[in-house]
Structures are given as structure tokens and as C-alpha cells.
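>>> model the structure of this input:
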Amino acid sequence: MGDKTERLFFGVPLPAELQRELGTLKTASPELEREMRWARQEGLHITLRFLGDADAEMRESLTAGLAALSPRPSFRLECRGVGIFGSLSRPRVLWAGMEGQLEPLGRLQQELEELSRDLGWPAETKRFRPHVTLARSRPTFRAHRSLEQLLTDNERRVFGAFEASEVCLLRSEIGPGGSIYAPVARLTLTGP
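Coordinates of the predicted model:
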């Protein structure tokens with residue numbers, strides 16, 4: 001790779017109204033608002049494949065590979081419930097779940113995984129679990145009761161449904177207040 005790189009990943013953006021609804025969780029508990037590093041509301045998305053650092057040549061290859069994917073219809077997803085990766089005593093990530101037409105989402109993720117491997121990225125070792133990352137706990141996390149309450153209160157809450165109508169290659173820029181995501185390339189799904 002060349003000298004200048006960007007942090008890239010493939011993802012499905014969420015509509016603004018769903019981002020706003022998920023953003024209400026941040027203010028549900030002042031203790032959790034302090035104890036966790038919350039994702040920027042306007043950047044909430046479903047990650048399909050994290051790539052990491054890529055130079056301009058790799059970015060062009062990823063963009064071309066995304067454009068070359070076969071046309072496919074959009075699909076309906078519902079954002080429902082919250083959970084954690086890790087445990088209540090050592091939470092790592094607070095997430096919102098995805099339900100609905102998960103089969104086409106899974107096929108899309110698998111194609112992007114294959115594209116990534118074909119372009120030289122190592123195979124992803126974790127099983128794909130469709131979700132939206134809302135927050136990551138700080139190393140000093142102590143808000144276990146507040147987190148347990150948030151999980152209980154929102155276990156089956158429906159945050160909203162949407163038509164997944166595009167997949168993007170996104171650039172991630174780490175900054176104060178969380179990462180900022182910008183689309184580098186888009187693939188529009190053809191509609192229901």
C-alpha cells in the first residue's frame with residue numbers, strides 16, 4: 001500500500017428518522033451517557049465488512065468491485081431490541097438488532113466478504129451478526145445497573161423499519177466525539 005491510506009468499510013446506511021430514534025438511547029441514562037463512547041447519531045449504520053487501512057489503488061479496486069456486483073432488489077429490515085457483546089460485568093459494545101429480510105442482507109455481506117478476500121484482505125473470522133453499533137464501553141465502565149435497566153427496558157423495542165436501498169463503501173475518520181463516516185462509493189439496490 002502507498003503512503004496515504006484511509007480507513008474503509010462496507011455498510012448499509014440507516015435513514016435519518018431511524019438514526020434519531022436510536023439516538024434517544026444515549027440520553028436514557030446520564031450515567032450511561034458518561035460511561036460509554038457513543039457513536040455519532042448521523043453515522044449509524046450496519047457494518048457489512050470492515051476493511052481498515054487502504055491506499056488509493058485499493059480504494060479504486062473496492063469501488064470497481066462494488067459497482068460490478070450483480071443488480072439486486074432492495075430488502076426490508078426492522079431495527080428491534082438492544083443487546084451487548086461481552087457481559088454485564090465487562091460489556092464491550094451496546095448494539096441494536098436487525099430483523100426482517102436477513103437472507104438477502106446475508107448474501108450481500110458474503111459477496112462483499114468474497115470481494116474483500118479476492119482483493120487481498122484476510123478472511124473475516126467472526127460470524128456476521130447484523131446489528132447497529134450504538135456505543136462502546138470505556139475501560140473504566142461501572143454503570144452495570146444502568147446498562148441492565150436499559151437492556152431490560154428496550155429488549156424488544158421496535159425502533160423502526162426501512163427499505164435497505166443502498167450499500168456504501170465508507171471512509172471512517174476518527175475524531176473527537178466519535179468517528180465521522182463519509183461515502184466513497186454507493187451501490188443502489190433496484191427496489192422491491
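>>> hey, let's count contacts and neighbours off CA atoms from now on
OK.
>>> which residues touch the nearest residue to P130 once chain neighbours are set aside?
Once flanking residues are discounted, P130 sits nearest to M98: 5.8 Å by Cα to Cα, 6 or more residues apart in numbering. Neighbouring residues of M98 by Cα atoms under 8 Å, 6 or more residues apart in numbering: L77, E78, C79, R80, P130, H131, V132.
>>> look up phi and psi at the fifth one.
Just to be clear, that refers to P130. For P130, the backbone dihedrals are phi -60, psi 120 (criterion: degrees, to the nearest 10).
>>> so it touches G100, yeah?
No. With contacts counted by Cα atoms under 8 Å, P130 stays clear of G100, the gap being 10.8 Å.
>>> over to the closest residue to N154 other than its chain neighbours. Which of the three states is it?
Spatially, and ignoring its direct neighbours in sequence, N154 is nearest to G81 (5.6 Å; Cα to Cα, 6+ apart). Assigned with DSSP: H, G, I helix; E, B strand; the rest coil, G81 falls in the strand class.
>>> G81 - how many residues pack around it?
20 (other Cα atoms under 10 Å).
>>> look up how far L69 lies from it.
31 Å (Cα to Cα, to the nearest Å).
>>> next: L48.
For L48, the distance to L69 - Cα to Cα - is 15 Å.
>>> looking at those two, which is more packed in?
A count of neighbours by other Cα under 10 Å puts L48 above the other of L48 and L69, at 25 against 13.
>>> lovely, talk soon.
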